[in-house]
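Engineer: Quick one, what's the 3D model for this:
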Amino acid sequence: MKAWMLDEPGKPLALRDEPTPQPRRGAVLLRMEAVPLLSYTRAYIEGKLPYAFPPGPFSPGTNGVGRIEAVGEGVFGFQVGQRVAVNPYWRADETVSEPEQVLIGLTGISAGSAPLLGDFRHGSLRELAEFPAATIVALDGLDAVPSSRLAALGKFSVPFGGLRRGRLAAGETVAINGATGYFGSAAALAALALGASRVVALGRRASALAKLVELGGGRVKPVVLTGERAADVAAIREAAGGGVDLAFDMVGQATDANATLAALRSLRRNGRLVLMGSMQVDLPIPYGEMLLNNWELIGNFMYTRADYLTLVALAASGQLPLDAIDLTTFPFAQLEAAIDRAGAAQGLQCTVVAGEGERAWG
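Structural biologist: Here you go, the predicted structure:
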């Protein structure tokens, strides 16, 4: 079978013939049909990110959609031929206070995660890929949706976990900081699917916010940030109709904290702020304001298995509009062109690599 292999960070990817794996106990073998690419894939394979890489050579690739080719011993809930999603966020199934955790095909997370990362070092950019059964998600109720479209679930999964961690309830007002970004734009749609009465979409480009307003059916209010904190707070509060119940920060690589602090200060009393971005500077917390307003600050990484199942259920019901994502699909052999496209993608755009199985299925 064919697989894209990275010998080590900084070396070019190579499409090679690799032995067909057999699923170990507790694992499944998938024939991959569609793999979404992260916007920073190029920087990752060039070794420009401070990640703990799997031992090489390995196949990169995180999320994906595929059909089960074979199941290993000890797998009880999945069957051959079933279409499933890959959830790369794998935590050791051990009853300890801090289980080791990794993102399969990308990086180790916890301090002692190297053995876990090496145990399943290959990601989803393979014709046939083996994953722990614990990282596979059933796609019940979505048989009519092409795999390339379902691959966009990976775009929603990260912000969806943060919104659920922030306890977003139906009828609440949420502000999304970074709403024009890859994950932030998905967060706005996910908040609507969860029943937010109003989504205040924050960004620096009015044109990028306009698409969210169009999709929001009157429930999305745009705010173009100026960088002037007091003015931005006033604008957010006005758009929110008085204040925000939940602020969600998904800004990538920010070099100043003004937008995040504006989102914080837009909160109503007892409001919550969830941090899921990658800001590069410290966040100066106003101790007295936090205390007097009963504000809650929540750092969140990724999502739970229950979050992913709920995400699938919302997509199957039509409450989460997967067709709102602007897909660009490339054949498996054209990965390099797909990586370039992913790096240029903005907002609701998503780049997907489709395997032979997807073309036959679709």
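Engineer: Mind listing what's buried along stretch 67-79?
Structural biologist: Along stretch 67-79, these residues count as buried under the neighbour rule (16 or more other C-beta atoms under 10 Å): Arg67, Ile68, Glu69, Ala70, Val71, Gly72, Val75. In this view, the C-beta of every residue, glycine as well, is placed from N, C-alpha and C.
Engineer: Let me see the mean pLDDT of it.
Structural biologist: For stretch 67-79, mean pLDDT rounds to 98.
Engineer: Over to stretch 152-169?
Structural biologist: Stretch 152-169 comes out with an average pLDDT of 98.
Engineer: gap between that stretch and the chain center?
Structural biologist: When C-alpha coordinates are averaged (C-alpha atoms, centre = their mean, to the nearest Å), stretch 152-169 and its chain have centres 8 Å apart.
Engineer: Keeping just the C-alphas, turn that stretch into CSV.
Structural biologist: Provided in CSV are the C-alpha atoms of stretch 152-169 (Å, rounded to 0.1, in the frame of the first residue of the first chain):
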residue,chain,number,x,y,z
ALA,A,152,-14.5,18.8,8.0
LEU,A,153,-15.6,17.4,11.4
GLY,A,154,-11.9,17.7,12.3
LYS,A,155,-12.2,21.5,11.8
PHE,A,156,-15.1,21.6,14.3
SER,A,157,-13.8,19.2,16.9
VAL,A,158,-11.3,21.4,18.6
PRO,A,159,-13.4,24.5,19.2
PHE,A,160,-16.4,22.3,19.9
GLY,A,161,-14.6,20.9,22.9
GLY,A,162,-13.8,24.3,24.2
LEU,A,163,-17.4,25.6,23.9
ARG,A,164,-18.6,22.5,25.8
ARG,A,165,-15.9,23.0,28.4
GLY,A,166,-17.2,26.6,28.8
ARG,A,167,-20.7,25.2,29.4
LEU,A,168,-22.3,27.1,26.6
ALA,A,169,-26.0,26.8,27.2
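Engineer: i'd like the first residue to be 560 from this point on
Structural biologist: In the new numbering, first residue 560, that becomes stretch 711-728.
Engineer: ok, and for it, which residues are buried?
Structural biologist: Neighbour-count burial for stretch 711-728, with 16+ other C-beta under 10 Å as criterion, is recorded at 711-725, 727.
Engineer: tell me the two of those residues that are most distant?
Structural biologist: For those, the maximum inter-member distance is 22.1 Å, found between Ala711 and Gly725 (C-beta to C-beta).
Engineer: mind listing the helices for the chain?
Structural biologist: According to DSSP state H, the chain carries its helices in the segments 600-604, 673-678, 706-709, 712-724, 741-752, 765-774, 788-799, 817-824, 846-852, 864-876, 894-903, 915-920.
Engineer: Let me see the domain layout of this structure.
Structural biologist: In terms of domains, the chain is parsed into 561-711+884-920, 715-858 (source: automatic domain parsing).
Engineer: Nearest to Arg864 among these would be which one?
Structural biologist: Distances from Arg864 to each of the domains of the chain were compared using C-beta to C-beta; the minimum, 7.2 Å, belongs to domain 561-711+884-920.
Engineer: Could you give the separation of that closest one from the chain centroid?
Structural biologist: Taking C-alpha atoms, centre = their mean, one finds domain 561-711+884-920 lying 13 Å from the centre of the chain it belongs to.
Engineer: for stretch 862-882, same thing?
Structural biologist: In terms of C-alpha atoms, centre = their mean, the centre of stretch 862-882 is set 13 Å apart from its chain centre.
Engineer: Not counting its own residues, what contacts it?
Structural biologist: The set of residues that contact stretch 862-882 without belonging to it, under C-beta atoms under 8 Å, 6 or more residues apart in numbering, is 644, 646, 648, 693, 696-701, 704, 708-709, 711-712, 715-717, 719-721, 723, 748-749, 752-753, 774.
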